[in-house]
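> Based on what follows, work out the 3D shape:
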Amino acid sequence: MISPWKRHAVRRWLVLAADHRGEGHAHPAQCRRYEANGGRVVGAIRHPLGTTDYSGFLQQASRSRAQVIGLANASPDTGNAIRHAAEFRVTRNQRLVAFLMFVNDVHAVGLDAAQGLLLMEAFYWDIDDRTRAFSRRFQAGRR
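Numbering: from 1, shown residues only. A predicted model of the protein is given here:
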(Lines give C-alpha, C1' and ligand atoms only; values in the text may rest on other atoms or scores of the structure.)
Protein backbone atom coordinates (compact mmCIF):
# COMPACT_ATOMS: atom_id res chain seq x y z
CA MET A 1 0.00 0.00 0.00
CA ILE A 2 1.26 3.49 -0.82
CA SER A 3 1.97 5.76 2.11
CA PRO A 4 -0.52 8.67 2.18
CA TRP A 5 2.45 10.96 2.77
CA LYS A 6 3.95 10.09 -0.59
CA ARG A 7 0.80 9.59 -2.65
CA HIS A 8 -0.93 12.80 -1.63
CA ALA A 9 2.17 14.87 -0.80
CA VAL A 10 0.59 15.66 2.58
CA ARG A 11 3.09 17.38 4.78
CA ARG A 12 1.22 19.23 7.56
CA TRP A 13 -1.29 17.52 9.85
CA LEU A 14 -3.35 18.80 12.74
CA VAL A 15 -5.09 16.30 15.01
CA LEU A 16 -8.57 17.04 16.35
CA ALA A 17 -8.86 14.61 19.25
CA ALA A 18 -11.37 13.68 21.91
CA ASP A 19 -10.05 14.77 25.29
CA HIS A 20 -9.96 11.57 27.27
CA ARG A 21 -7.18 9.42 28.63
CA GLY A 22 -7.35 6.75 25.95
CA GLU A 23 -7.05 7.19 22.23
CA GLY A 24 -7.53 10.96 22.27
CA HIS A 25 -4.10 11.44 23.79
CA ALA A 26 -2.44 8.52 22.01
CA HIS A 27 -3.27 9.50 18.40
CA PRO A 28 -1.33 12.78 18.25
CA ALA A 29 1.73 10.99 19.63
CA GLN A 30 1.31 8.09 17.18
CA CYS A 31 1.04 10.52 14.25
CA ARG A 32 4.46 11.88 15.06
CA ARG A 33 6.08 8.64 13.90
CA TYR A 34 5.08 9.59 10.34
CA GLU A 35 7.35 12.58 10.58
CA ALA A 36 10.16 10.26 9.49
CA ASN A 37 8.44 10.22 6.07
CA GLY A 38 8.58 13.98 5.69
CA GLY A 39 5.29 14.92 7.31
CA ARG A 40 4.78 17.19 10.27
CA VAL A 41 2.14 17.30 13.01
CA VAL A 42 1.61 21.02 13.55
CA GLY A 43 -0.58 20.58 16.61
CA ALA A 44 -3.45 18.91 18.38
CA ILE A 45 -6.78 20.37 19.44
CA ARG A 46 -8.73 18.47 22.06
CA HIS A 47 -12.50 18.57 22.46
CA PRO A 48 -14.75 17.13 25.18
CA LEU A 49 -16.51 13.83 24.49
CA GLY A 50 -20.00 14.35 23.10
CA THR A 51 -19.29 17.79 21.65
CA THR A 52 -22.14 19.07 19.51
CA ASP A 53 -20.61 22.36 18.34
CA TYR A 54 -17.28 22.05 16.53
CA SER A 55 -17.24 25.58 15.08
CA GLY A 56 -14.54 26.92 17.42
CA PHE A 57 -12.34 23.84 17.07
CA LEU A 58 -12.65 23.90 13.28
CA GLN A 59 -11.83 27.61 13.13
CA GLN A 60 -8.64 26.88 15.08
CA ALA A 61 -7.86 24.01 12.72
CA SER A 62 -8.44 26.25 9.70
CA ARG A 63 -6.03 28.86 11.02
CA SER A 64 -3.34 26.21 11.56
CA ARG A 65 -2.70 25.99 7.80
CA ALA A 66 -2.49 22.21 8.14
CA GLN A 67 -3.24 20.35 4.93
CA VAL A 68 -5.06 17.60 6.80
CA ILE A 69 -7.19 17.52 9.92
CA GLY A 70 -6.95 14.07 11.48
CA LEU A 71 -10.06 13.15 13.45
CA ALA A 72 -8.94 11.16 16.50
CA ASN A 73 -12.37 10.57 17.93
CA ALA A 74 -15.24 8.16 17.40
CA SER A 75 -18.88 8.40 16.47
CA PRO A 76 -20.93 10.42 17.11
CA ASP A 77 -18.06 12.91 17.59
CA THR A 78 -16.49 12.02 14.24
CA GLY A 79 -19.79 12.43 12.42
CA ASN A 80 -20.51 15.78 14.08
CA ALA A 81 -17.03 17.07 13.24
CA ILE A 82 -17.39 15.99 9.58
CA ARG A 83 -20.84 17.57 9.23
CA HIS A 84 -19.65 20.84 10.78
CA ALA A 85 -16.49 20.87 8.64
CA ALA A 86 -18.68 20.60 5.53
CA GLU A 87 -21.10 23.24 6.83
CA PHE A 88 -18.30 25.72 7.59
CA ARG A 89 -16.54 24.82 4.31
CA VAL A 90 -13.34 23.80 6.05
CA THR A 91 -12.97 20.98 3.53
CA ARG A 92 -12.43 23.43 0.64
CA ASN A 93 -8.86 24.01 1.81
CA GLN A 94 -8.14 21.06 4.09
CA ARG A 95 -8.68 17.30 3.91
CA LEU A 96 -10.29 15.32 6.70
CA VAL A 97 -8.95 11.92 7.70
CA ALA A 98 -11.03 9.84 10.11
CA PHE A 99 -8.82 7.56 12.20
CA LEU A 100 -11.78 5.44 13.30
CA MET A 101 -14.90 5.29 11.18
CA PHE A 102 -17.19 2.59 9.86
CA VAL A 103 -19.31 2.43 6.73
CA ASN A 104 -22.51 2.95 8.75
CA ASP A 105 -20.96 6.19 10.08
CA VAL A 106 -20.45 7.38 6.50
CA HIS A 107 -24.11 6.64 5.76
CA ALA A 108 -25.14 8.55 8.91
CA VAL A 109 -23.06 11.60 7.94
CA GLY A 110 -24.36 11.61 4.38
CA LEU A 111 -22.48 11.62 1.12
CA ASP A 112 -22.57 15.40 0.71
CA ALA A 113 -20.76 15.99 4.00
CA ALA A 114 -18.39 13.05 3.46
CA GLN A 115 -17.09 14.23 0.06
CA GLY A 116 -13.30 14.02 -0.01
CA LEU A 117 -13.10 12.29 3.37
CA LEU A 118 -10.25 9.82 3.76
CA LEU A 119 -10.44 6.90 6.16
CA MET A 120 -7.76 4.86 7.81
CA GLU A 121 -8.73 1.23 7.45
CA ALA A 122 -6.77 -1.77 8.65
CA PHE A 123 -8.83 -4.22 6.61
CA TYR A 124 -11.63 -3.86 4.10
CA TRP A 125 -13.30 -6.92 2.62
CA ASP A 126 -13.63 -5.61 -0.96
CA ILE A 127 -10.17 -4.24 -1.76
CA ASP A 128 -9.06 -7.00 -4.12
CA ASP A 129 -9.54 -10.68 -4.97
CA ARG A 130 -7.50 -11.85 -1.97
CA THR A 131 -9.51 -9.86 0.58
CA ARG A 132 -12.79 -10.98 -0.98
CA ALA A 133 -11.68 -14.64 -0.88
CA PHE A 134 -10.57 -14.35 2.75
CA SER A 135 -13.87 -12.67 3.67
CA ARG A 136 -15.89 -15.44 2.01
CA ARG A 137 -13.91 -18.08 3.93
CA PHE A 138 -14.25 -16.14 7.17
CA GLN A 139 -18.02 -15.79 6.79
CA ALA A 140 -18.29 -19.51 6.08
CA GLY A 141 -16.41 -20.26 9.31
CA ARG A 142 -13.13 -21.28 7.66
CA ARG A 143 -9.99 -19.23 7.98
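> got the residue ranges for the strands in this structure?
Ranges of strands within the chain are 12-18, 40-47, 68-72, 95-98, 118-119, based on DSSP state E.
> contacting residues for the residue lying closest to Ala74 once chain neighbours are set aside?
Once flanking residues are discounted, Ala74 sits nearest to Leu100: 5.1 Å by CB to CB, 6 or more residues apart in numbering. For the C-beta atoms, the positions are set from N, CA and C on the backbone; glycine is no exception. By CB atoms under 8 Å, 6 or more residues apart in numbering, Leu100 lies in contact with 23, 72-74, 78, 120.
> coming back round to it: could you dump the strands of the chain to TSV with mean neighbour count?
What follows is the strands of the chain, written out as TSV (neighbours: other CB atoms under 10 Å):
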stretch	mean neighbour count
strand 12-18	24
strand 40-47	18
strand 68-72	25
strand 95-98	22
strand 118-119	16
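> could you dump the ones you listed to JSON lines with mean pLDDT and distance to Gly56?
Listed next are the strands of the chain as JSON lines, based on pLDDT from 0 to 100; distance: least, CB to CB, whole Å:
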{"stretch": "strand 12-18", "mean pLDDT": "90", "distance to Gly56": "11"}
{"stretch": "strand 40-47", "mean pLDDT": "88", "distance to Gly56": "9"}
{"stretch": "strand 68-72", "mean pLDDT": "91", "distance to Gly56": "14"}
{"stretch": "strand 95-98", "mean pLDDT": "92", "distance to Gly56": "17"}
{"stretch": "strand 118-119", "mean pLDDT": "86", "distance to Gly56": "24"}
